[in-house]
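Novice: The amino acid sequence is not available; the structure is as follows:
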């Protein structure tokens with residue numbers, strides 16, 4: 001009999017495949033292990049980044065790694081964005097999900113929440129990882145969200 005963690009990893013994988021199959025805004029890749037403990041997500045969602053000259057520009061593709069540690073699901077997944085982004089709740093090494101992660105949350109819900117964050121449909125300027133982006137978001141609510149499309153397919 002498999003452990004509760006392996007059963008959860010297997011269930012997460014099955015739900016992700018079922019929910020996002022053919023969905024153009026979120027592509028999901030794994031490291032090939034079964035069940036996967038590492039996912040690479042490509043979001044085709046508008047977000048923001050800072051150009052070399054300092055201008056804040058739109059970016060339409062974002063890549064995020066999600067690693068499910070041995071403590072998962074009790075411990076939150078480790079999430080890292082691999083492409084440039086300008087957002088209050090992202091920095092170069094972390095996506096801030098700790099404010100809302102609970103073991104009862106599905107990995108598919110987390111995938112959607114990260115996409116909504118990239119699009120500035122969800123953000124938190126009260127405890128930012130990027131203070132400059134938090135100030136910009138607070139000063140420019142009329143420009144948000146950057147992408148208003150529904151991030152997830154209907155269930």
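Specialist: Nice, I can see it. Just so it is clear, the model here is predicted, and its values are computed rather than measured. Numbers count the residues shown, from 1 in each chain.

Novice: Pretty sure residue 39 sits in a strand.
Specialist: Yes. Looking at residue 39 with DSSP: H, G, I helix; E, B strand; the rest coil, it is inside a strand.

Novice: Which residues are in contact with it?
Specialist: Contact analysis of residue 39 by Cβ atoms under 8 Å, 6 or more residues apart in numbering lists 16, 28, 29, 30, 65, 66, 68. (Glycine included, C-beta is placed from N, CA and C.)

Novice: how many neighbours does the second one have?
Specialist: For residue 28, the neighbour count with other Cβ atoms under 10 Å is 19.

Novice: which neighbours does the helix or strand hosting it have in its sheet, and in what orientation?
Specialist: Residue 28 is part of strand 26-30 when elements are defined by DSSP states H and E. When pairing is defined by DSSP bridges, strand 26-30 lines up against strand 38-43 (antiparallel).

Novice: helices or strands next to the helix or strand following the strand it pairs with in the packing?
Specialist: The helix or strand immediately downstream of strand 38-43 is strand 47-50, counting by DSSP H and E. Other helices and strands packing on strand 47-50, by 3 or more Cβ pairs under 8 Å, 6 or more residues apart in numbering; DSSP states H and E, are strand 56-59.

Novice: Find the residue at the geometric middle of this protein.
Specialist: residue 114 (2.5 Å; Cα atoms, centre = their mean).

Novice: what's the average pLDDT for the helix or strand harbouring that one?
Specialist: Secondary-structure assignment from DSSP H and E places residue 114 in helix 107-118. The average pLDDT within helix 107-118 is 96.

Novice: tell me what that helix is packed against?
Specialist: Under the contact criterion of 3+ Cβ pairs under 8 Å, 6+ apart, helix 107-118 touches helix 4-20, strand 26-30, strand 38-43, strand 62-67.
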